[in-house]
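Q: show me the folded form of this:
(2 chains)
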Amino acid sequence: MMRDLALKELLYKMADDQLVLGHRNSEWTGLGPLLEEDIAFSSMAQDKLGHSLALYTILHQLGEPEPDKVAFTRNNNQFHNCILTELPNAEYDFSLIRHFLFDTAEALRFELLKNSSFEPLAQVARKVRGELRYHTLHANTWIKQLGVATQESISRLQRSLDFTIPYALGIFEESPNEPDLIQSGIFAGEQELKSQWQMKVELIISQTNLHLPDWKLQAPIMGGRSGKHSEHLQPLLDEMSEVLKIDPTAEW
Amino acid sequence: MTSLDPRVIRLPEIGEFGKIEPKAALDQFGTFEVFVQPAEGKSFQHEGIVHASNLELAFVLAKETFTRRFTCFSLCVVDTREVFASPFTEGNQNAYDLIPEIFGQDGPKVNYEIYHLLKRGKQHIHAGSIQATSPEEAMSIAKSQLNKGKVIFNIWAIRSSGIRFTSVEENDLWFTLPEKKFRDAAEYKGGDKLKVFLENQRNST
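A: So this is what the prediction gives:
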């Protein structure tokens, strides 16, 4: 029973991250900086929705409501995504930095889960590896290129990086029953993930003219995992569930 | 630097009295040719172009622009300026008939990828690799080695070292979630739903 609770916590936070960030990133559709990038970014946003669907489907098999119900009918305090994923898009530099910081963590998380003792999750982790390889290739390429390109690109990325790091550290907020996850071999834990993530982020940023702030001086922005969100999440959820609220019987 | 907003910093400068000049060329990225290998062992075929600032970014953008809905084995991109094209032909005339024979050019030989257009309006398909000192010589050698009976309407020669191929560790880029019906417009059955909706409306009036 304890194991199931811990497992659900993990699945919900992963699925909610993917759903909320997938929705945010899809808001760039039609507005991207160039046609090909618009296509790529929108397509990756769709991948994220696909990942959330795969995870909500596992939750449904564990007795939770249907994926659509879970996605469209909960209030913001029932969502377990980190606050990073719900922040508005602002400028493309911020979206790129968020994409880089989040997807680096997500790729490493799924890498750790490939050998999970919970086989359905291990299967999903193995299936999405191509998509995550692409997402990180895309993010790393942009960061490495814009991170050395012009005064404007470097200073804009740096400003976004400084702003985003405390939110990104909120990805690794631990859930109450996390020790059960680690003990039962389901997941290596947020601390392990965080240290791998820091090394990977350092590796990419060291190839640019950007600078990482001192990790020790950063105060992570937490709360999302326990349903304490910023004012930005509820409007996103309202928009996402607009059709369902107008006509609950609509088929679409 | 006073502003970071491109709408501010890219405003045109204030001009001088009486200065009339041709409009500047558009500030746009160059193009890169995209080739896809549909399955292991199959030939690469031309899929189209992407705009990008350089070869590496072209590879990244080409992957999602051309292979997001179907999987393939591998992908490669090359700067459009690296592609040398023969004259086009039609009917029964083979493009190789318009390629002069060149003998014994001096200089180091490098590898060229030769592509053939076998049907007008279709894609160029990889036909083989040729060692030569120039694209012209590569086509001349290909004329005797790769010209195998079928009418070829156009030939491309591309220096192999200019091509960004998919590396071995990148091959799993196309290992993805197989259930992607939500990406397919037809799966939403919009037409059927519209028909039912209209039917219901007609019946209710």
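Q: got the buried residues for the longest helix along chain A?
A: Looking across chain A with DSSP state H, the single longest helix is helix A:35-61. Buried positions in helix A:35-61, judged by neighbour count with 16 or more other Cβ atoms under 10 Å in any protein chain shown: A:36-59. In this view, the C-beta of every residue, glycine as well, is placed from N, C-alpha and C.
Q: how close does A:Ser26 get to A:Gln145?
A: 24 Å (Cβ to Cβ, to the nearest Å).
Q: over to A:Pro88?
A: Counting by Cβ to Cβ, the gap from A:Pro88 to A:Gln145 is 25 Å.
Q: so which of the two has more stuff around it?
A: Under the neighbour definition other Cβ atoms under 10 Å in any protein chain shown, A:Pro88 and A:Gln145 were set side by side, and A:Gln145 has more, 16 against 12.
Q: which strand or helix spans the more buried one?
A: helix A:129-146 (DSSP states H and E).
Q: beyond that helix, next helix or strand please.
A: helix A:151-169.
Q: after that next one, next one along is what?
A: With DSSP H and E, the next secondary element past helix A:151-169 is helix A:178-183.
Q: mind giving me the packing neighbours of that next one?
A: Applying 3 or more Cβ pairs under 8 Å, 6 or more residues apart in numbering or on different chains; DSSP states H and E, one finds that helix A:178-183 makes contact with helix A:2-26.
Q: for the helix it packs on, buried residues please.
A: A:6-26.
Q: and the angle from the helix or strand A:Leu108 falls within to helix A:35-61?
A: A:Leu108 is part of helix A:92-113 when elements are defined by DSSP H and E. Interaxial angle of helix A:92-113 relative to helix A:35-61 (axes from the mean of the first three to the mean of the last three Cα atoms, to 10 degrees): 40 degrees.
Q: tilt between helix A:92-113 and helix A:2-26?
A: 150 degrees.
Q: what's helix A:92-113 packed up against?
A: Looks like helix A:92-113 contacts helix A:2-26, helix A:35-61, helix A:83-86, helix A:119-127, helix A:129-146, helix A:151-169, helix A:190-205 (3+ Cβ pairs under 8 Å, 6+ apart).
Q: next structured bit after the longest one?
A: It stands for helix A:35-61. Taking DSSP H and E, what comes next after helix A:35-61 is helix A:67-72.
Q: what is that following helix packed up against?
A: Counting by 3+ Cβ pairs under 8 Å, 6+ apart, helix A:67-72 packs on helix A:35-61.
Q: name the helices or strands packed onto the helix it packs on?
A: Using 3+ Cβ pairs under 8 Å, 6+ apart, helix A:35-61 is in contact with helix A:2-26, helix A:67-72, helix A:92-113, helix A:119-127, helix A:129-146, strand B:45-52, helix B:55-67.
Q: circling back to that earlier point, so for the helix holding A:Gln145, mean pLDDT?
A: Mean pLDDT, computed over helix A:129-146, is 96.
Q: next one: stretch B:149-158
A: In the prediction, stretch B:149-158 has an average pLDDT of 94.
Q: ok, B:Ser129 - contacts?
A: B:Ser129 makes contact with B:Asn111, B:Tyr112, B:Glu113, B:Ile114, B:Ser160 under the criterion Cβ atoms under 8 Å, 6 or more residues apart in numbering or on different chains.
Q: could you dump these to TSV with secondary structure?
A: Output for the contacts of B:Ser129, formatted as TSV (DSSP: H, G, I helix; E, B strand; the rest coil):
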residue	secondary structure
B:Asn111	strand
B:Tyr112	strand
B:Glu113	strand
B:Ile114	strand
B:Ser160	helix
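Q: out of these, who's the most crowded?
A: Top of those by neighbour count (other Cβ under 10 Å): B:Tyr112, with 26 neighbours.
Q: residues touching that residue, list them.
A: B:Ser129, B:Ile130, B:Gln131, B:Ala132, B:Pro135, B:Ala138, B:Ala157, B:Ile158, B:Arg159, B:Ser160.
Q: can you pull the pLDDT of A:Leu19?
A: 98.
Q: grab the nearest non-local neighbour of it.
A: A:Ser52 (4.0 Å; Cβ to Cβ, 6 or more residues apart in numbering or on different chains).
Q: separation between the one you found and A:Leu21?
A: Taking Cβ to Cβ, one finds A:Ser52 at 9 Å from A:Leu21.
Q: and if you look at A:Tyr56?
A: For A:Tyr56, the distance to A:Leu21 - Cβ to Cβ - is 15 Å.
Q: max-length helix in chain B?
A: Assigned via DSSP H, chain B shows its longest helix as helix B:190-204.
Q: how about the residues of chain A near chain B?
A: A:34-37, A:39-40, A:43-44, A:46-47, A:49-51, A:53-54, A:127-131, A:133-134, A:137-138, A:141-142, A:145, A:151-152, A:155-156, A:251-252 (Cβ under 8 Å from any Cβ of the partner chain).
Q: please repeat the previous calculation with a cut-off of 7 Å.
A: Chain A has residues A:34, A:36-37, A:39-40, A:43, A:46, A:50, A:54, A:127-131, A:133-134, A:137-138, A:141, A:145, A:151-152, A:155-156, A:251 near chain B, with proximity defined as Cβ under 7 Å from any Cβ of the partner chain.
Q: what does the model give A:Phe72 for pLDDT?
A: pLDDT, A:Phe72: 93.
Q: could you find the closest non-adjacent residue to it?
A: A:Ser241 (4.2 Å).
Q: any idea how far the one you found is from A:Gly224?
A: 19 Å.
Q: show me the contacts for residue 205.
A: All of this is about chain A. A:Leu212 (Cβ atoms under 7 Å, 6 or more residues apart in numbering or on different chains).
Q: how about 8 Å then?
A: By Cβ under 8 Å, 6+ apart, the neighbours of A:Ile205 are A:Ile143, A:Gly147, A:Leu161, A:His211, A:Leu212.
Q: out of the helices and strands packed on helix A:92-113, which is closest to A:Pro176?
A: helix A:2-26 (7.2 Å; Cβ to Cβ).
Q: packing partners of that closest one?
A: Against helix A:2-26 (3+ Cβ pairs under 8 Å, 6+ apart) you get helix A:35-61, helix A:83-86, helix A:92-113, helix A:178-183, helix A:233-240.
Q: near A:Asn115, how many other residues are there?
A: A:Asn115: 11 neighbours (other Cβ under 10 Å).
Q: so what's it closest to, chain neighbours aside?
A: A:Ala122 (6.5 Å).
Q: quick one: contacts for the one you found?
A: Applying Cβ under 8 Å, 6+ apart, the residues near A:Ala122 are A:Leu113, A:Lys114, A:Asn115, A:Ser116.
Q: quick one, grab the pLDDT at it.
A: 97.
Q: A:Leu237 too?
A: The model's pLDDT for A:Leu237 equals 95.
Q: ok, it - how many residues close by?
A: A:Leu237: 22 neighbours (other Cβ under 10 Å).
Q: any low-confidence regions in chain A?
A: Filtered on pLDDT under 70, chain A yields the residue ranges A:1-2, A:252.
Q: more neighbours, A:Ser241 and A:Gly224?
A: Neighbour count, other Cβ under 10 Å: between A:Ser241 and A:Gly224, A:Gly224 has more, with 27 against 15.
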